[in-house]
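Novice: here you go, sequence then predicted model.
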Amino acid sequence: MAILKSRVNINDANSKSNREEMLALLKELEKNLEKSRFQGKDKHINRARARNKLLARERIEWLLDQDSPFLELLPLAGLETKGSFGAGGTSVSGIGLVQGKLCAINSNVGTRKGGSIDYPTMAKSLRMNEIALENKLPTINLVESGGANLPDQDKIFNHGGKSFKDITNRSKEGLTTISIVFGNATAGGAYVPGMSDFAIFQKQSAKVFLAGPPLVKMATNEVSTDEELGGAEMHSKVSGVSDYLAEDEYDAIRIARDIMRFVKTPNPHLTPSDFEAPLYSAEEILSVVPANITQPFDIRELLIRIVDGSDFSEFKKEYGNTLVTGWAHIHGYPIGIIGNNGVIFSESANKGAQFIQLCNKNNIPILFIQNTTGYMVGKAYEEGGIIKNGAKLINAVSNSEVPHVTLMVGNSYGAGNYGMNGRSYNPRFLFTYPNAKIGVMGSKQLAGVMEIIQKAAAKKAGIEYDEANGEMLRNMLIMEAESKATAWYSTTQLWDDGVIDPRETRNYMAFVMTIIYNQPIKGTEGYGVWRH
């Protein structure tokens, strides 16, 4: 056993102050999440109720097994996107259990903008498709959508085509898609049920057609009703687009659950039942992880509050100590962990690359915990080969084939984001703390670099540098960089799969481990060339 002991006094003034700062950030998180739970104006919800319709989140509740957890993903997509439909778009997406089987679930919010698809909603759908394919999950779509939001059609068009392709690619891989249509599924949206393995249409409510009655009248001069053109009974009895005709919403959900009894899924890894809780309370995370990311902290203080029994078997502890590597268990599942203790030196990069190789040889997934300003710079470090050693770590991350999960808990700057498996390196899941910052470099460093360049340009041109104007530009750059480095901006752009309460880290990681271990894990047999 390698049980670690905390070295932090969570009752001292600094810890208490930090806790208050983190709680303030969590209030902002809850405020933003509340925006994502908005399901439409009262008049639209009341109209749905009058028609005996369930809301998007209620449909998910009825679909899931009793007491199933639901890992909601991408709830703040589009949060700060100008002209979008707001946080979360017009869909609720996540992973839960249906008939004891892990399923990716997407539910259109038909009471919000008629369920029309804006760009963030489409991007969210594509990310869910990636998650379903990588983790070998069947998908259940709860459909009620007016199709593409026309002002966004230029951005959505090609992505919409890819979303249909994704359904067929998953089917080819043996991953089932079930679509339940509760209302409109028009134009391109008609291909969602049309390309699914199973399609369930609700009687007198489902309306599925490539063009509605007005467009058909204009194009062909043919007059028809919604029901005649694309109603549930026509598609169930005549066209064959529908496989099941449901009496109402509850019947439709019942049919989907019945289908899931027979759907083939990977043989799941048995969930371990014999594991110990951490020795330290999750509440303490708010005291030990700084809200102010300029303050350093030992990443081990976080690890011992999320891993089983606070038991962490550290690898190469005395070498490259700005990178912490080792093995642990979360809810009984083996996991390799790579965490930053600041800037990445050559030794740290070499150590990380070796550790990734070992995890691949032993088929152990890796959790990357990011808190780094990047790779070390300077003459001595360039001479020491920081480029080749940093590249070695990036090479190892890029070609590793065991599942990766990334958690951003502080700084995430420059190529350090790449070496620590940022979004562009396709982690299975990526979550962010509300204090985290991401960018090419810190805002003050960015502004300082630009000031040096501007002064050099003025000198070269033989003109006097305007200090007052330079200071104004410097402050503008800092404000702009700060606004685009926040967790709220990154989650808006889908650079993560969700901003989470640090106290929930262990719960998120436990669910993610269950998903990852839902299929066999196999590491790579080799790597590309790297410099020594």
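Specialist: Yep, that arrived. Numbers count the residues shown, from 1 in each chain.
Novice: low-confidence stretches in the stretch 301-450 of the chain?
Specialist: Low-confidence segments of the stretch 301-450 of the chain, defined by pLDDT under 70: 440-450.
Novice: again, 90 this time
Specialist: 377, 414, 439-450 (pLDDT under 90).
Novice: strands of that one, start to end?
Specialist: Secondary structure of the stretch 301-450 of the chain (DSSP state E, counting those that start in this stretch): strands at 313-315, 323-330, 333-340, 366-372, 404-413, 429-432, 437-439.
Novice: any chance of those in a markdown table, plus mean neighbour count and distance to residue 141?
Specialist: To be clear about C-beta, it is placed using only N, CA and C from the backbone, and glycine gets the same treatment. Shown next, in a markdown table, are the strands of the stretch 301-450 of the chain (neighbours: other Cβ atoms under 10 Å; distance: least, Cβ to Cβ, whole Å):
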| stretch | mean neighbour count | distance to residue 141 |
| --- | --- | --- |
| strand 313-315 | 16 | 42 |
| strand 323-330 | 23 | 30 |
| strand 333-340 | 24 | 29 |
| strand 366-372 | 25 | 30 |
| strand 404-413 | 26 | 25 |
| strand 429-432 | 24 | 21 |
| strand 437-439 | 22 | 31 |
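Novice: make CSV from these and add distance to residue 213 to it.
Specialist: Shown next, in CSV, are the strands of the stretch 301-450 of the chain (distance: least, Cβ to Cβ, whole Å):
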stretch, distance to residue 213
strand 313-315, 66
strand 323-330, 54
strand 333-340, 54
strand 366-372, 53
strand 404-413, 49
strand 429-432, 44
strand 437-439, 48
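Novice: quick one: closest of those to residue 200.
Specialist: Set against residue 200 and scored by Cβ to Cβ, those come closest in strand 429-432, at 29.2 Å.
Novice: show the pLDDT at the residue of the chain most remote from its centre.
Specialist: The outermost residue of the chain, judged against the average C-alpha position, is residue 462 (50.5 Å), by Cα atoms, centre = their mean. At residue 462 the predicted local distance difference test score is 84.
Novice: about what we covered before: looking at the strands of the stretch 301-450 of the chain, which is closest to residue 217?
Specialist: strand 429-432 (47.6 Å).
Novice: which elements pack onto that closest one?
Specialist: Strand 429-432 is packed against strand 404-413, helix 487-492, helix 505-516, with contacts defined by 3 or more Cβ pairs under 8 Å, 6 or more residues apart in numbering; DSSP states H and E.
Novice: and residue 43, which of the strands of the stretch 301-450 of the chain is closest to it?
Specialist: Closest among the strands of the stretch 301-450 of the chain, using Cβ to Cβ: strand 429-432, at 35.3 Å.
Novice: off-centre distance for that closest one?
Specialist: 5 Å (Cα atoms, centre = their mean, to the nearest Å).
Novice: what do you get for stretch 521-532?
Specialist: That offset, for stretch 521-532, works out to 26 Å (Cα atoms, centre = their mean).
Novice: same check on stretch 238-249?
Specialist: Stretch 238-249 sits 33 Å away from the centroid of its parent chain (Cα atoms, centre = their mean).
Novice: now do that stretch: distance from first to last residue.
Specialist: Terminal residues of stretch 238-249 lie 22 Å apart, using Cα to Cα, to the nearest Å.
Novice: and that stretch, what's buried?
Specialist: Across stretch 238-249, burial judged by 16 or more other Cβ atoms under 10 Å covers 241-246, 248-249.
Novice: out of these, the closest to residue 53 would be?
Specialist: Proximity of the buried residues of stretch 238-249 to residue 53 was ranked by Cβ to Cβ; the top entry is residue 249 with 6.7 Å.
Novice: OK, contacts around that closest one?
Specialist: The contact partners of residue 249, by Cβ atoms under 8 Å, 6 or more residues apart in numbering, come to 52-54, 59, 62, 182, 202, 205.
Novice: just give me the closest of these to residue 225.
Specialist: For the contacts of residue 249, the nearest to residue 225 is residue 205 (14.2 Å; Cβ to Cβ).
Novice: is it true that that closest one touches residue 185?
Specialist: No: at 10.8 Å, residue 205 does not count as touching residue 185 under the criterion of Cβ atoms under 8 Å.
Novice: the more surrounded of those two?
Specialist: residue 185 (30 against 20; other Cβ atoms under 10 Å).
Novice: now the more buried one, nearest residue through space, not along the chain?
Specialist: Distance criterion Cβ to Cβ, 6 or more residues apart in numbering; nearest residue to residue 185, sequence neighbours excluded, is residue 208 at 4.6 Å.
Novice: buried set for whichever strand or helix holds the one you found?
Specialist: Taking DSSP states H and E as the criterion, residue 208 maps to strand 207-209. Under the neighbour-count criterion of 16+ other Cβ under 10 Å, strand 207-209 has 207-209 buried.
Novice: any chance of the helices and strands packed on strand 429-432 in a markdown table, plus distance to residue 278?
Specialist: What follows is these, written out as a markdown table (distance: least, Cβ to Cβ, whole Å):
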| stretch | distance to residue 278 |
| --- | --- |
| strand 404-413 | 15 |
| helix 487-492 | 24 |
| helix 505-516 | 7 |
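Novice: now list the buried members of the contacts of residue 249.
Specialist: 53-54, 59, 182, 202, 205.
Novice: just name the closest of these to residue 235, please.
Specialist: residue 202 (11.1 Å).
Novice: how near is the closest one to residue 144?
Specialist: 9 Å (Cβ to Cβ, to the nearest Å).
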